[in-house]
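[1] Sequence and predicted structure below; questions after.
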Amino acid sequence: MALLLSRLCFGKSARLPFLILSNGFSSSLRQTPPCSIISAELCGPDMGKLIIFNANESDYTHLDKKVPLELMEQMGTVASSNGWVATLKDDGILRLQDDLNPVASDTNPRRIPLPPLVTLPHCQTKIITNMSMSSSSPEDDDCVVAVKFLGPQISFCRPAQSNSGWTNVRIENPCFYSSRVMFSKKDEMFLMPGSGGHLIGSWDLRKHKPRTKIKRLRFRDLPELTKTKREILHSCRKSEHLVESRITGETFLLKQYRKTTSKTVKGVAQMKTEALMVFRLDEEGNAVYTNDIEGLCIFLSKAEPFCTHAGLFPGLSFFNVVKILDVDETGFVGLYNSFICTWNSTFSVPYHIPPQNID
């Protein structure tokens, strides 16, 4: 209980911690631990000092790093991947920024405008579901940025290439209209689960004109549920998420069930997680239910989900869990016994940031 309470209060001012990875899971790179964006402390008319929560600590960390306050507002950003955030203003230009990356420079922030968006017929490009990047930085020569819009359109571009434009694809199957895209390093493709999780769409950007390929999953070893539990799940809002463990090479499908609570904030009902199921995907198209991802910890937020191993970061006591951060909820789900410990709170920038390399 003391640990949970400590997560609700502001903590110490500290320098950014890092870890030297040397245990076989990675090369000896210095990395920050996974963290969550909390808020910014006002330090000027338009700037604030970033406050984060490192996953291997029990207190909030107040950084000296200054960030534009407009990014900390609701809808100040529209997506996040690999520590970069995307903004979309009235000019219709999608911009990638590293302002909220804890290790990025605040004196020389990187702002990368992407090509003007092209809207396909019977599609829209104003509301973004999420984005994904194929590498840690859009400045990498081979980086591909994927943007999934609400509805049928998904678009790809290579920001580092001078003649880069958008490659736009219209997805015919409506089960993908509200889905979230992710990049699989193992398969070198972008993947996206359909509603219900029975279908996986994929796009191979190594081909000149990527086509939508659909793979059907077969669910195995589903847990037995009581009638009451089934009724609760049927009353929930369900979402599906794909996440890849770069350490073990495994791909997981997450099904999250959230239900409206009696609590409202500014007239909007708050939601809480009622259940979360994890399925391990194999090469034959099986989605096998599991409550044991061993030492892994999955970070699920409005940013692109990611996975890390608890043993890589001293003090990261969470393993075999999914850490949740949403606009109205934070906490974690213990997979072994389906223990859910979340609470309602408001986050205008609900992003988990994956470990970042330190030069």
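    Nice, I can see it.

[2] so where is the stretch 201-350 of the chain shaky, pLDDT-wise?
    208 (pLDDT under 70).

[3] All the strands of it, in order from the start?
    Taking DSSP state E, counting those that start in this stretch, the strands of the stretch 201-350 of the chain run over residues 213-216, 218-220, 237-244, 251-265, 268-281, 286-290, 296-300, 306-309, 321-325, 329-334, 339-344.

[4] can you redo the ones you listed as a markdown table with distance to residue 119 and mean neighbour count?
    Glycine gets a C-beta too; all of them are placed from N, C-alpha and C. Shown next, in a markdown table, are the strands of the stretch 201-350 of the chain (distance: least, CB to CB, whole Å; neighbours: other CB atoms under 10 Å):
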| stretch | distance to residue 119 | mean neighbour count |
| --- | --- | --- |
| strand 213-216 | 24 | 12 |
| strand 218-220 | 36 | 13 |
| strand 237-244 | 25 | 19 |
| strand 251-265 | 30 | 16 |
| strand 268-281 | 29 | 19 |
| strand 286-290 | 34 | 17 |
| strand 296-300 | 30 | 25 |
| strand 306-309 | 30 | 22 |
| strand 321-325 | 31 | 23 |
| strand 329-334 | 32 | 21 |
| strand 339-344 | 36 | 14 |
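
[5] how about those in TSV, adding distance to residue 116?
    Below are those laid out as TSV (distance: least, CB to CB, whole Å):
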stretch	distance to residue 116
strand 213-216	28
strand 218-220	41
strand 237-244	29
strand 251-265	34
strand 268-281	33
strand 286-290	39
strand 296-300	32
strand 306-309	30
strand 321-325	32
strand 329-334	35
strand 339-344	39
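
[6] Out of those, flag the one nearest residue 156.
    Smallest distance to residue 156 across the strands of the stretch 201-350 of the chain (CB to CB): 14.5 Å, for strand 213-216.

[7] Strand partners (parallel or antiparallel) of that closest one?
    strand 199-203 (antiparallel) (DSSP bridges).

[8] got the contact list for the strand it pairs with?
    For strand 199-203, contacts defined as CB atoms under 8 Å, 6 or more residues apart in numbering pick out 146, 154, 156, 169, 171, 173, 175-176, 179, 187, 189-194, 210-217, 242, 281.

[9] Could you tell me how far that strand lies from the centre of the chain?
    Taking CA atoms, centre = their mean, to the nearest Å, the mean C-alpha location of strand 199-203 is offset from the chain mean by 18 Å.

[10] Equivalent analysis for stretch 245-256, please.
    Using CA atoms, centre = their mean, the offset of stretch 245-256 from its chain centre is 13 Å.

[11] Just the C-alphas of that stretch, formatted as PDB.
    Presented in PDB, the C-alpha positions along stretch 245-256 are these (Å, rounded to 0.1, in the frame of the first residue of the first chain):
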ATOM      1  CA  SER A 245       9.300  -8.300 -27.100                       C
ATOM      2  CA  ARG A 246      12.500  -7.300 -28.800                       C
ATOM      3  CA  ILE A 247      14.300  -9.400 -26.100                       C
ATOM      4  CA  THR A 248      12.600 -12.700 -26.600                       C
ATOM      5  CA  GLY A 249      11.300 -12.300 -30.100                       C
ATOM      6  CA  GLU A 250       7.700 -13.000 -29.000                       C
ATOM      7  CA  THR A 251       4.600 -11.200 -30.200                       C
ATOM      8  CA  PHE A 252       1.600 -10.700 -27.800                       C
ATOM      9  CA  LEU A 253      -2.000  -9.800 -28.500                       C
ATOM     10  CA  LEU A 254      -3.600  -7.900 -25.600                       C
ATOM     11  CA  LYS A 255      -7.400  -7.700 -25.100                       C
ATOM     12  CA  GLN A 256      -8.300  -4.900 -22.700                       C
END
